[in-house]
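Q: sequence and predicted structure are below.
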Amino acid sequence: METKKNTTESFDELYSVVKRLRADDGCPWDREQSPESLRGALIEETYECVEAIDSKDWLHIREELGDIFLLATMISYMHEQQGLFAVSDVLQEITAKLIRRHPHVFGESSASTSAEVLEQWAKIKVEQEGRKPKDSLMDQVSRALPPLERAYKIQKKAAKAGFDWPDSAGVWDKIEEELAEARDACQTHQCEASSENKEHLEEELGDLLFSVVNICRYLQVDPAVALQRTNNKFVRRFKHVEQSMKAQGLPMDKEHISLMEQYWQEAKNED
């Protein structure tokens with residue numbers, strides 16, 4: 001029976017495997033990778049981990065977290081190979097940051113609520129870490145975030161400053177307003193794909209999406225999680241349609257849309 005390794009031994013083994021894969025006589029594919037080439041995989045694996053967490057499947061969660069550990073270690077080691085920093089530097093820096101930003105745990109300050117912790121963090125970033133104070137609350141939201149997540153965080157920052165609707169009715173009214181404007185823009189341009197028309201439609205549809213994200217935020221629903229749930233639901237139902245049409249020996253095309261809709265409703269009723 002294999003002896004269970006402790007955390008240090010397990011990470012050392014992962015680090016050794018990554019080094020072996022990146023060695024001159026290692027894996028050709030792994031050696032060809034770069035931090036840039038692994039960016040998409042890092043995002044994809046993060047979303048797969050979120051999906052596993054949503055499903056509450058701990059075995060799947062463990063697997064997906066392992067993929068994230070691998071990518072983080074691999075990308076760190078790539079920089080170590082270039083002599084920019086070591087994997088150990090990454091671990092030491094995040095450990096030091098955690099201790100520095102939690103003086104209420106590791107030091108002598110006090111913070112009994114989450115709000116007090118966040119306020120303390122903001123001061124530490126400026127006073128101890130030398131970060132410049134943000135000129136605007138909006139500057140605290142990274143431009144590198146995917147648009148959906150960035151919209152969500154922008155709205156949370158604005159709401160925290162008191163710039164928010166007094167109740168959900170106003171948010172729903174805004175969605176209806178933006179929907180009407182988007183529909184009007186489509187009808188005005190007859191949904192033509194010219195660059196000028198596309199820019200107007202893009203603006204109006206962007207406003208609509210932003211307002212939908214806002215109702216999610218107002219109701220304390222993470223829009224990325226909600227959308228991922230719907231994505232999974234759509235895929236599940238579409239697969240049922242595919243399988244049903246295949247069993248009938250029929251192609252999936254517009255001529256069979258009524259039958260496909262029937263199978264879609266079957267899948268919907270099973271959810």
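A: Received it, and whenever you're ready, just let me know what you need.

Q: the helix-or-strand element of the chain with minimal mean pLDDT packs against which elements?
A: Least confident helix or strand, the chain: helix 114-127 with a mean of 86, by mean pLDDT, DSSP states H and E. Under the contact criterion of 3 or more CB pairs under 8 Å, 6 or more residues apart in numbering; DSSP states H and E, helix 114-127 touches helix 103-106. In short, each C-beta sits where N, CA and C put it, glycine included.

Q: find the residue at the geometric middle of the chain.
A: Y47 (6.0 Å; CA atoms, centre = their mean).

Q: so who does W165 touch?
A: 171, 174, 218 (CB atoms under 8 Å, 6 or more residues apart in numbering).

Q: which phi and psi does it have?
A: phi -70, psi 140 (degrees, to the nearest 10).

Q: let me know the pLDDT of it.
A: Looking at W165, its pLDDT reads 94.

Q: about what we covered before: what sits up against the least confident helix or strand of the chain?
A: 100-101, 103-104, 109-111, 131-133.

Q: using CSV, write down the CA coordinates of that helix.
A: Listed in CSV are the C-alpha atoms of helix 114-127, where the atom choice follows Å, rounded to 0.1, in the frame of the first residue of the first chain:
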residue,chain,number,x,y,z
SER,A,114,-15.3,41.6,6.9
ALA,A,115,-15.8,45.4,6.2
GLU,A,116,-13.1,46.2,8.7
VAL,A,117,-10.8,43.7,7.1
LEU,A,118,-11.3,45.2,3.7
GLU,A,119,-10.7,48.7,5.0
GLN,A,120,-7.5,47.5,6.7
TRP,A,121,-6.3,45.8,3.5
ALA,A,122,-6.8,49.1,1.5
LYS,A,123,-4.6,50.9,4.1
ILE,A,124,-1.9,48.2,4.0
LYS,A,125,-1.7,48.3,0.3
VAL,A,126,-0.9,52.1,0.4
GLU,A,127,1.0,52.5,3.6
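
Q: buried sites along that helix?
A: 120, 124-125 (16 or more other CB atoms under 10 Å).

Q: tell me who's in contact with Y218.
A: 159, 164-165, 168, 171.

Q: okay, the contacts of W165 in a markdown table with secondary structure next?
A: Output for the contacts of W165, formatted as a markdown table (DSSP: H, G, I helix; E, B strand; the rest coil):
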| residue | secondary structure |
| --- | --- |
| V171 | helix |
| K174 | helix |
| Y218 | helix |
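
Q: which of the residues you listed lies closest to V141?
A: Nearest to V141 among these is Y218, at 17.5 Å by CB to CB.

Q: so how far is Q140 from that closest one?
A: 20 Å (CB to CB, to the nearest Å).

Q: could you pull out the buried residues of the longest helix belonging to the chain?
A: Across the chain, the longest stretch assigned as helix under DSSP state H is helix 223-248. Buried residues in helix 223-248, counted by 16+ other CB under 10 Å: 223-224, 237, 240-241, 244-245.

Q: elements contacting that helix?
A: helix 39-55, helix 147-160, helix 195-218, helix 257-270.
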